[in-house]
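>>> Just a sequence and a predicted model for now, questions to come.
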Amino acid sequence: MEKEDLKKKVEEDNNQSEKEFLDTKQEVHKDEEKKLDDKEQEKEISPEEEIENLKDKLARTFAEMENQRRRFEKEKDDAFEYGGFSFAKESLNLLDNLERSKASLENDDKLKNTETLKKVIEHLDIVNRDIISIFKKNNIEQIKSINEKLDPNLHQAMMEIEDDTKEPGTIIQEIQKGYMMKDRLLRPSLVGVSKKKLKKNDDNSKKNQENKEK
């Protein structure tokens with residue numbers, strides 16, 4: 001019984017070895033075929049075609065390098081020109097708070113027409129002028145609004161005000177000042193624009209129309 005088992009094991013080992021040998025031979029054959037195919041492909045490409053391929057690769061590489069250089073130059077210029085953009089935008093709150101403080105003091109009944117109020121307002125005006133002067137030195141300018149036509153790129157209309165003395169869409173009230181930093185918008189002006197007054201006949205027609213719809 002042990003001899004039969006031994007014989008069977010030997011046969012199994014021989015079969016396994018033969019299978020591994022055939023697998024290895026097949027892999028070697030595939031590698032040789034692949035090498036032959038690669039050589040045939042290399043033979044199919046002429047020297048002129050190879051040169052053209054290299055020229056194309058070089059052109060693409062140089063084009064990509066040039067694009068990267070231009071992007072770097074633009075980012076560098078933007079950083080130099082607008083590096084303080086976020087800081088400038090936040091600094092506008094200083095002017096807003098100064099104006100609110102000034103308006104609050106001027107509307108205080110206890111301080112009206114007092115020397116104390118006059119001195120405080122003078123100091124606030126000095127600080128306000130200094131901040132505006134610093135802004136101008138850094139190319140930050142206030143947007144013109146009053147009596148200007150509404151420009152969606154610069155102004156944001158918050159309300160319409162009836163006024164027959166102005167063309168419709170003319171800015172007649174400035175709620176919050178807007179500012180530019182060179183050619184970039186720091187924030188738009190918040191404004192009120194004029195519109196034509198509704199005539200009584202128009203009002204009656206409108207009411208009649210509303211009643212009919214009901």
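Everything's here; your move. Numbering: from 1, shown residues only.
>>> I'd assumed Ile171 was in contact with Met158.
No: with contact defined as C-beta atoms under 8 Å, Met158 does not reach Ile171; the gap is 10.7 Å. Heads up, the C-betas are built off the backbone N, CA and C, glycines and all.
>>> And the helices in this structure, which stretches?
Listed in chain order, the helices of the chain (DSSP state H) span 2-44, 47-82, 85-106, 115-137, 200-213.
>>> what angle do the second one and helix 85-106 make?
Orientation check (axes from the mean of the first three to the mean of the last three C-alpha atoms, to 10 degrees): helix 47-82 against helix 85-106 gives 20 degrees.
>>> ok, the residue nearest to Lys166 when sequence neighbours are not counted - contacts?
Nearest non-adjacent residue to Lys166, counting by C-beta to C-beta, 6 or more residues apart in numbering: Ser194, 4.0 Å away. Counting by C-beta atoms under 8 Å, 6 or more residues apart in numbering, Ser194 touches Glu160, Ile161, Glu162, Asp163, Lys166, Glu167, Pro168, Gly169, Thr170, Ile171, Ile172.
>>> Is Ser194 bridged to anything, and to what?
When assigned by DSSP bridges, Ser194 has beta-bridge partners Ile161.
>>> how close does it sit to Val127?
Distance of Ser194 to Val127, computed by C-beta to C-beta, to the nearest Å: 33 Å.
>>> if we can go back for a sec, now, which of the contacts of Ser194 sits nearest Asn138?
Nearest to Asn138 among these: Ile171, at 25.9 Å, using C-beta to C-beta.
>>> The closest one and Val193 touch, don't they?
Yes: counting by C-beta under 8 Å, Ile171 touches Val193, with 5.6 Å between them.
>>> tell me, what's touching the two both at once?
Common contact partners of Ile171 and Val193 (C-beta under 8 Å, 6+ apart): Leu150.
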